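**Student:** sequence and predicted structure, then a few things I'm wondering about:
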Amino acid sequence: METPAIPLHIAIIPDGNRRWAKAKHLPAFFGHKRGVDVMEKTCYAALDRGVKVLTFWAFSTENWKRAKREVNYLFKLFEDVFKNRLEKFDKENIKLLVSGRTDEFPSKLQYYIKRAVARTKNNTRGIVHLCLNYGGRSEIIDMVKKIIKEKVSPDRINKKTINSHLYTPGLPDPDLIVRTSGEQRTSGFLPWQLEYAEYAFIKKHWPDFNESDIDQLIKDFQSRQRRFGK
C-alpha cells in the first residue's frame, strides 16, 4: 500500500519536560508549562500541514506516583488548557477529545474537560485527542469490562467489537508515533491502536520541539513503505 503524503494521525509521547528544566537549572514546573505551550503550537502547525488527528499522552496512570505538588500543578495546567485556551481551539474549528480515567480527577477539572469536549464536538478542521490518566493496560481492562457488562456473546467478539469499546471509538489508528527525549519505548501507549504505526524517536526534549521537527517527521514518514503485512 502506498504511503500517504501526510500522516492522517500522529500520536505523540511528549517526554522530557523535567529533564529540560533540570538542564536549565529551573524547577520542573517551568518544563511542564513550556511543554503545554509547545503542545498547543504543535497542534496548529501539524493541522496546517494536513494532519487530521493529533494524540498526546499528557498524563499517565503512573504519573500519580510523582510528588503531590507536581501532580497538582499539572492539574492546574490542564485546567488552563480546557478553560482559558478553549476559545482559540474552538475558533480554529478544532475538536477536542479526551481519553482515560478522568473520573479520578478533581471535580473542577472534570467539569472543564466535559465542557470543552461538548463545546467543540461539531468542529471539523481536525481533532486534538488528549490522553489523561491513561494507561494502555487500563484501556484494555476497561474495554473488557464494557463488553462483559453488555453481555456480548463470545462468538460476536472481533476486531470491530474491541474497537467500538475502546476509549474513543471511531478514531483512525495512528500512522506515526513520536516520542521525544531519547527514550525508545512506547510504555504501553495505545497498544491496540499502534499495530501498524511507524515509529520515530527524537533525542531532543519536548520543550525544544518545533515546526522544523514536524516537517522532518513528515519527510521521514514519506520515505517509508508501509506494507501492512503484504
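**Tutor:** Yep, it's here. Numbering: from 1, shown residues only.

**Student:** now do the same for the residue most central in space within the chain: its pLDDT.
**Tutor:** Here the mean C-alpha position of the chain is nearest to the C-alpha of Phe56 (C-alpha atoms, centre = their mean), at a distance of 2.0 Å. You'll see Phe56 listed with a pLDDT of 98.

**Student:** which SS class is it?
**Tutor:** At Phe56, secondary structure determined by DSSP: H, G, I helix; E, B strand; the rest coil is strand.

**Student:** give the contact list for it.
**Tutor:** For Phe56, the residues meeting the contact criterion (C-beta atoms under 8 Å, 6 or more residues apart in numbering) are Ala11, Ile12, Pro14, Met39, Val128, His129, Leu130, Cys131. From N, CA and C alone the C-beta is placed, and that goes for glycine too.

**Student:** among the residues you listed, which one lies nearest to Arg115?
**Tutor:** Arg115 has its nearest neighbour among those in Leu130, at 14.1 Å by C-beta to C-beta.

**Student:** hang on, the closest one in a strand?
**Tutor:** Yes. Following the definition three-state DSSP, Leu130 is counted among the residues of a strand.

**Student:** what's across from it in the sheet?
**Tutor:** Following DSSP bridges, Leu130 is listed with bridge partners Phe56, Val98.

**Student:** my guess is it contacts Lys95. True?
**Tutor:** No. Under the contact definition of C-beta atoms under 8 Å, Leu130 does not touch Lys95, with a separation of 11.5 Å.

**Student:** so for the longest helix along the chain, what's the average pLDDT?
**Tutor:** Secondary structure of the chain per DSSP state H: the longest helix is helix 28-48. Here helix 28-48 scores 97 as its mean pLDDT.

**Student:** chain center to it: distance?
**Tutor:** 12 Å (C-alpha atoms, centre = their mean, to the nearest Å).

**Student:** can you check stretch 216-230 too?
**Tutor:** If you compare the mean C-alpha spot of stretch 216-230 with that of the full chain, they lie 21 Å apart, counting by C-alpha atoms, centre = their mean.
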